[in-house]
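> Give the three-dimensional model of this entry:
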Amino acid sequence: MGSEGPAPSAVTVHVTGFKKFHGVAENPTETIARNLKEYMEKKGLPKGLTLGSCNVLETAGLGAVAPLHQTLQSAINGNDSELPNSGTVIWLHLGVNSGAMRFAIENQAVNEATFRCPDEMGWKPQKVQIIPTDGEISRTRKTMLPVEDITSTLAKKGYEVMTSEDAGRFVCNYVYYHSLWFAEQHGTKSLFVHVPLFSTINEETQMQFVASLLEVLASSP
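Model (predicted):
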C-alpha cells in the first residue's frame with residue numbers, strides 16, 4: 001500500500017500558436033505559446049493535466065504541412081519517457097482574429113483553403129481542398145470536445161467568449177482541418193481558439209484565459 005506511485009495524468013494538452021503574418025506584425029498567440037509553460041509552472045497545473053509541447057507555427061498552409069504533421073506525430077510516438085502514454089491527448093491551437101473583441105471557441109473546420117492574402121510562404125489558394133482525399137471543399141470536420149460546455153464554463157468565469165462555427169478559410173482553418181483529420185486517425189482530440197489582439201484584450205488576461213481553458217479541458221469528457 002502506498003507503493004503504486006502517482007497516477008498518470010488523465011489529459012495531456014499540446015499547444016500551438018502562430019508567428020506574424022500579413023497585417024499582424026506581432027501575433028499574440030506566439031507570445032502565449034512561448035510563455036505558457038513558465039506561466040503555468042508559476043500558477044500550477046490543474047489536477048490531472050500535463051502540459052506537453054508548446055510550439056509556434058509559421059503562418060503558412062501548404063508549405064507548413066510537413067512541419068505541422070511532424071509536430072502532431074511527435075506527441076504520439078516521441079515523448080513516451082516524458083509524458084503519460086495513456087489518457088486523452090488534446091491539441092490546442094491558438095490563432096489571432098485581429099478584428100475580434102472576444103475569444104472564439106471554434107467548433108469545426110472546412111476542407112477549403114481560400115486565402116484572402118498570400119501566406120508567409122507566398123501561397124494564395126482559391127477554393128482548394130485542404131485534404132483532397134477527404135472530400136469536396138464543402139466537407140466539414142467537427143471537434144470531439146464539448147464546445148458549448150467549454151464556452152459556457154469560461155463565460156461563467158467572466159471571460160468575453162463565444163462559440164464559433166466558422167474559423168475562416170485562411171491558415172487557422174487550414175491547420176485546424178489537418179489537426180481534426182489527424183485526431184481521427186490517431187485517437188486524439190483537437191480544438192482551435194481564436195484570440196483578439198493584445199490591444200483589445202491585454203496579455204495578462206489572455207494568459208489567464210488560456211490557463212482557465214486548460215483547467216476546463218482537464219475536466220472535459
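> Just confirm residue 191 is within a helix.
No. Applying DSSP: H, G, I helix; E, B strand; the rest coil, one finds residue 191 to be strand, outside a helix.
> residues in contact with the nearest residue to residue 115 once chain neighbours are set aside?
Nearest residue to residue 115 in three dimensions, chain neighbours excluded: residue 124, at 4.8 Å (C-beta to C-beta, 6 or more residues apart in numbering). No exception for glycine: its C-beta is placed from N, CA and C like everyone else's. Neighbour list for residue 124: 115, 117, 118 [criterion: C-beta atoms under 8 Å, 6 or more residues apart in numbering].
> of all these, which comes closest to residue 135?
The shortest approach to residue 135 among the contacts of residue 124 belongs to residue 115, at 19.8 Å (C-beta to C-beta).
> Surely that closest one touches residue 173?
No. Using C-beta atoms under 8 Å, residue 115 is not in contact with residue 173; the gap is 9.8 Å.
> Which of the two has more residues huddled nearby?
Neighbours per residue, other C-beta atoms under 10 Å: of residue 115 and residue 173, the larger number sits with residue 173, 25 against 20.
> Starting from residue 200, give me the distance back to the more buried one.
Residue 173 sits 21 Å away from residue 200, taking C-beta to C-beta, to the nearest Å as the criterion.
> what's residue 113 sitting at in phi/psi?
Dihedral angles of residue 113 (phi, psi; degrees, to the nearest 10) stand at phi -110, psi 110.
> show me what contacts it?
Applying C-beta under 8 Å, 6+ apart to residue 113 gives the contacts 61, 125, 127, 128, 129, 130, 169, 173, 174.
> try 6 Å
Contacts for residue 113 (C-beta atoms under 6 Å, 6 or more residues apart in numbering) come out as 61, 125, 128, 130, 174.
> now swap in residue 115 and tell me
Applying C-beta under 6 Å, 6+ apart, we find residue 115 in contact with 124, 125, 170.
> Can you name every helix or strand that the worst-scoring helix or strand of the chain on mean pLDDT contacts?
When the helices and strands of the chain are scored by mean pLDDT, DSSP states H and E, helix 65-77 comes last with a mean of 81. Packed against helix 65-77 by the contact rule (3 or more C-beta pairs under 6 Å, 6 or more residues apart in numbering; DSSP states H and E) you find helix 171-186.
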